[in-house]
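1. Okay, here's the prediction I keep looking at, along with the sequence it came from:
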Amino acid sequence: MLTKEKALDFKNEMLKVHKKDLRDASLSPSADEFEIKEGMRIVIPVNASEVILTAAKDLCDYLYTSMGVSLFIKKGTPDNGEIFIGTKNDVPADLKNADSYKGFMAEVGDKIIICGYD
């Protein structure tokens, strides 16, 4: 039996970009895992395009809404413990084999690097 919806309930559900409270707080990262923590920074290039800025804002919104973690966005070069979002041309020098990726790549080490290729 179908449940009866209030008028336009489907529209409200469709407008939700990220689902709330997905994080399982009882889980802890292993020693070799990277944990995204409250107050960390998402770093974008100084000359970031609107597309890169939008991606950084969307990641912030997802982490806040779905994981309950609030991050900041800054422009510059990423340090350890930060998340970098950029294009292939913006990749930090310590990233290996950036030319071998197509579409996008994500690398996790002392920092997270998310790079759009084309």
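-> Sure thing, it's come through.

2. Now do the helices in the protein.
-> 9-14, 50-67 (DSSP state H).

3. which strands and helices sit next to the longest one?
-> Same thing as helix 50-67. strand 41-44, strand 72-75, strand 83-87, strand 112-116 (3 or more CB pairs under 8 Å, 6 or more residues apart in numbering; DSSP states H and E). Glycine gets a C-beta too; all of them are placed from N, C-alpha and C.

4. Quick check, residue 86 in contact with residue 46.
-> No: with contact defined as CB atoms under 8 Å, residue 86 does not reach residue 46; the gap is 10.3 Å.

5. Spatially central, which residue of the protein would that be?
-> residue 59 (3.6 Å; CA atoms, centre = their mean).

6. Can you check the pLDDT for that residue?
-> Residue 59 is assigned 94 on the pLDDT scale.

7. Next up, the contacts around it.
-> The neighbours of residue 59, taking CB atoms under 8 Å, 6 or more residues apart in numbering as the test, are 42, 71, 83, 85.
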